[in-house]
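Q: I need the structure of the sequence given here:
(2 chains)
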Amino acid sequence: MATNLEFINSFSTTSASTLSADNVFTTKYDVYKIVMTPMDKSTDSEHLFRFLDSGGSEISSANYDYASLEMYGHTGFTQRRTTGAGSIAYLGFGDRNQATMYVYNPADTGSYSFVQYQSSGGTSTLLRGEKGIGVLKLSALHRGFIIRANTGTYSDLSVSIYGVK
Amino acid sequence: MSKYGYVGVDIPAQSFGSNKGVFNPAEINELVADNKWTSFGQLELIETQTASNVNALDFTSIQESTYNVHFITVSNFSAVSSSTGGYLQLLESGVAKTTGYQFAYQQADLSAGTPFTEQKSTSGSSMVSYDFDPVTPRNNYAYIYNAGDSSKYTFVTAQYVGINNSNLVMRFGSAVSPVASVVNGIRIQSSGANNFNIDSVSLYGIRYS
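A: Okay, here's the model as predicted:
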């Protein structure tokens, strides 16, 4: 039966600086969709993304490349890009954020894991949007991910994961 | 009398992703109605409309209390005869919000002397705007967050692609209505007196978002 978007699991927190979504990526799908909303936290700072390895541990080694365009309603835009980073930074920037991400090949041990995402957030007065791409340059099984506040604590963070068929 | 094939006590609780037992059609229908039956296809079509020679098109039943995230696709927005642009605006209590948006979009327009420009405002009239153009089509998708949440702003991320003066034009970015309110509808509005056609506009809800 044709089914397009297939719900896998959801996770949430109301008081933590991180949220782990473990055991969500398998070889059942090549492509996953993650919907993250809300992403409300106590400080105006970055929202970071990291993969979890086959044992469920956070991958923080300098193997991420990312590039995003940070777009503001009130001033000129900023390019965010780096190679050999310890995370995919700038999933969003602000005390609030909403994001949708596609993840490619996370469970394929013969491939890097790629992401593309778009988000909208900022503060109560300033809009910040992101459009970005990223890669974890490790050919291995990545069974989940973690969202991390660069500073501060999430007061309301929810993520839903879907397989794309 | 059995329930889910079980008799007596310890009848298992049912939930999406966890259905235990042997089910008859009536029980399946009951669980489907309660969103407890496991079936896939969580991009759920709410409504599809077309537009023929109109100045505005509304979605007024967006089920904002059911879906926290909506997805909308616009296929071939084009002017009927005279040039027009367009807007995607929010409805609050059925009334279109026409001011007070913030938006930030990166534009690539191959017809322009400067192809890559920033489109931004802290006092915009829409969440998404379509270029002013004679009759060539524009196509767009957008995610809309928190429409039904009275305690949160409504955010949008969007991308559109079209033709401007025979050349490719594209925008991607985001917008916000920076007022905590319930949004109960969506409007696609001509930017002026000239009307538009749209081949297809589809509104979806993303279940469990």
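Q: show me the beta-bridge partners of the residue in chain B positioned nearest to chain A.
A: Distances between chain B and chain A by Cβ to the nearest Cβ are smallest at residue B:174, namely 3.0 Å. In short, each C-beta sits where N, CA and C put it, glycine included. Assessed by DSSP bridges, residue B:174 has beta-bridge partners residue B:104, residue B:157.
Q: state the number of residues packed around it.
A: Residues contacting residue B:174 under the criterion other Cβ atoms under 10 Å in any protein chain shown number 32.
Q: ok, residue B:18 next?
A: Close neighbours of residue B:18, defined as other Cβ under 10 Å, add up to 10.
Q: so it touches residue B:37, yeah?
A: No. Contact between residue B:18 and residue B:37 fails when scored by Cβ atoms under 8 Å: they sit 10.6 Å apart.
Q: where does chain B come near chain A, residue by residue?
A: Where proximity means Cβ under 8 Å from any Cβ of the partner chain, the interface of chain B facing chain A comprises B:16-17, B:40-43, B:68-69, B:102-106, B:118, B:120-122, B:124, B:143, B:145-146, B:152-153, B:155-157, B:159, B:172-176, B:178, B:206-209.
Q: from those residues, which ones fall inside strands?
A: With strands taken from DSSP state E, the overlap with these comprises B:43, B:69, B:102-106, B:118, B:120-122, B:124, B:143, B:145, B:155-157, B:159, B:172-176, B:206.
Q: what subset of these is buried?
A: Burial by neighbour count, 16 or more other Cβ atoms under 10 Å in any protein chain shown: within these this picks out B:43, B:69, B:102-106, B:120-122, B:124, B:143, B:145, B:155-157, B:159, B:172-176, B:206.
Q: got the contact list for residue B:137?
A: Taking Cβ atoms under 8 Å, 6 or more residues apart in numbering or on different chains as the contact definition, residue B:137 lies against B:76, B:77, B:78, B:162, B:163, B:199.
Q: any quick PyMOL command for the buried ones out of these?
A: The command below creates a PyMOL selection of those among the contacts of residue B:137 that count as buried (16+ other Cβ under 10 Å):
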select buried, chain B and resi 76+77+78+162+163
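Q: the contacts of residue B:137: which two are farthest apart?
A: Taking every pair in those and measuring Cβ to Cβ, the maximum separation is 14.7 Å, between B:163 and B:199.
Q: with adjacent residues omitted, what lies nearest to residue A:114?
A: residue A:104 (4.3 Å; Cβ to Cβ, 6 or more residues apart in numbering or on different chains).
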